[in-house]
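In: Have a look at this fold, sequence not included:
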């Protein structure tokens, strides 16, 4: 028997008003009559509308204040509908109560019908906040196959929540790998900006060892020749310079011709073809164009060397070495003048040479041997498999970009994102051509997304923003989904969050961020989303296609945890404690800064 609390006095598509007569009745049910809690309202004899409480008001009906009338303003979020076989929950407003219908407190049986584990909703999320007995289960396929937004201020438990979700997806629980020898089909690639997630997926030896595919700047192989035209130009050309258009033109010409030189077996090689070329030869080519002298004697009109010979084919000779040209002269016997770009690329060449000497960029501009072979076109497949290939290794690849210089972070993320998208695109097309479905779903996790896919159209982040936005708009068609994580959602590209089908919103203290997220959520979550600034650590509002009803869920702490607390705030003094060696730290810092 349900606990009756009042009756409906007003009803509209977005709001149902319930009246409760009497202070006693309200006090008896006060624990369950709070903003954000749920009530059910009958619609006939068998169906019930499920509503969330948005506002509570009261009036006194006598001067002594003994009799009270309480008014609950609620929003319908779904309905329990009885079919011929069972009672099921339906999202939206399939049932809309009319005035005089009775309102009831929701009991455990009602919650079980909504949140119980089923064949479809089988991914354990956590426990319903305020009712720890109720487990919340999501549609796991619907959650991870669509784009996910995870937002929360610093200290809200964001890293732990993300870790919990990903550990359950790959089969890690309580410091153990539960799917040992069963490896599921999960493919997760994560950008880790603070080197904190490696610890969360490092399972102790002897416990069904989970092999993590951890890539850092020390073992990451991203040769420059895989970069496309936009990424190369973003890395090496200053768009603000007056002659940047000429730099782009000569850069494109040099790279295209050098690719043809080293890849004669390929057809239709162009600026964007991901095949090997020599960066040092490209710099030599541009340097020669910058310094060339044109012979002006009769029958010449071509670049002229110091020995008086003419260069017939600059695409062949300009790549090999630094050419010594004849001196510029206006005399009739040795007339020669500066080339059309004389001195135009001096600063450009100097910048390219400086970049190539920068040890911080060696993982891109000076790729070492990869799997005991040179990092050229011959092992393109192995380079791609760094991120996608997980056979006998791991379901998750963590790309630790904490050591990547800030000025090339956008290019690095753009390149990896584009490689993953292109793989998913071509794999999906290949599978469909033989009548099969894509059996390699990939989830790309973008931690601290506001750092490289900002809302502002900065030129420095244009490459990464373009790649991630492309995945947000087209990735799902090819089995590629996004998990976008940010503590400042209002500063993330709106294109990306607008494509998210599921949101996990933790505590947000910034008013701008609160309003931004509320604008992305469905209308029927307005009241429950007001709790965003007051959620506790690890407590999150879960909304979207994968959850039957918008709910505030308390997630469990992961084991092992990410190492996000990298600073010892309080340390007990003892005789064994030694002063840190600041001189060594400063020396290393200066060495890295001046390379």
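Out: Arrived safely. Nothing here was measured: the structure is a model prediction, and the numbers come from that model.
In: And the longest helix seen in the chain, what's buried?
Out: When the chain is parsed with DSSP state H, its longest helix is helix 406-433. Residues of helix 406-433 classed as buried by neighbour count (16 or more other Cβ atoms under 10 Å): 408-421, 423-425, 427-428, 431. No exception for glycine: its C-beta is placed from N, CA and C like everyone else's.
In: so what secondary structure elements neighbour the helix or strand following that helix?
Out: Next helix or strand after helix 406-433 toward the C-terminus (DSSP states H and E): strand 442-446. Using 3 or more Cβ pairs under 8 Å, 6 or more residues apart in numbering; DSSP states H and E, the elements in contact with strand 442-446 are helix 158-170, strand 187-192, helix 406-433, strand 480-486.
In: Partner strands of the shortest one and their direction?
Out: Which is strand 187-192. strand 396-400 (parallel), strand 442-446 (parallel) (DSSP bridges).
In: For stretch 132-140, which outside residues touch it?
Out: Taking contacts as Cβ atoms under 8 Å, 6 or more residues apart in numbering, the residues outside stretch 132-140 that touch it are 108, 111-112, 115-118, 120-128, 169, 542, 545-547, 551, 553-554.
In: nearest residue to the spatially most central residue of the chain other than its sequence neighbours?
Out: In the chain, the residue lying closest to the centroid (Cα atoms, centre = their mean) is residue 446, at 2.1 Å. Nearest residue to residue 446, sequence neighbours excluded (Cβ to Cβ, 6 or more residues apart in numbering): residue 484, at 5.1 Å.
In: Quick one: mean pLDDT for stretch 72-91?
Out: For stretch 72-91, the mean pLDDT works out to 86.
In: buried set for it?
Out: By neighbour count on 16+ other Cβ under 10 Å, the buried set for stretch 72-91 is 72, 73, 74, 75, 76, 77, 78, 79, 80, 81, 89, 91.
In: and what of stretch 148-164?
Out: 148-153, 156-164.
In: Who is the residue nearest to the centre of the chain paired with across the strands?
Out: Counting by DSSP bridges, residue 446 is bridged to residue 191, residue 484.
In: Could you say which helix or strand holds residue 347?
Out: Per DSSP H and E: residue 347 is located in helix 346-357.
In: I'd say residue 444 and residue 471 touch.
Out: Yes: contact criterion Cβ atoms under 8 Å: residue 444 and residue 471 qualify, at 6.4 Å.
In: who touches both of those two?
Out: 417, 420, 480, 482.
In: quick one on the thing from earlier: select, out of the helices and strands packed on strand 442-446, the one closest to residue 260.
Out: Ranking the helices and strands packed on strand 442-446 by proximity to residue 260 (Cβ to Cβ) places helix 406-433 first, at 22.0 Å.
In: Compute the mean per-residue pLDDT across the closest one, please.
Out: Regarding helix 406-433, the rounded mean pLDDT is 90.
In: wait, what's in contact with residue 163?
Out: By Cβ under 8 Å, 6+ apart, the contact list for residue 163 reads 197, 200, 558, 561, 562.
In: Please read the previous query as pertaining to residue 314.
Out: Applying Cβ under 8 Å, 6+ apart, the residues near residue 314 are 285, 288, 289, 303.
In: ok, the residue nearest to residue 178 when sequence neighbours are not counted to residue 177 distance?
Out: Distances taken as Cβ to Cβ, 6+ apart place residue 171 nearest to residue 178, at 4.8 Å, with adjacent residues excluded. Using Cβ to Cβ, to the nearest Å, residue 171 is found at 6 Å from residue 177.
In: ok so, going back, just the contacts of residue 314: which has the poorest pLDDT?
Out: Among these, residue 303 carries the lowest pLDDT, at 90.
In: Can you name the residues bridging to that one?
Out: Beta-bridge pairing for residue 303 (DSSP bridges): residue 294.
In: Before I go, just wanted to say thanks for your time.
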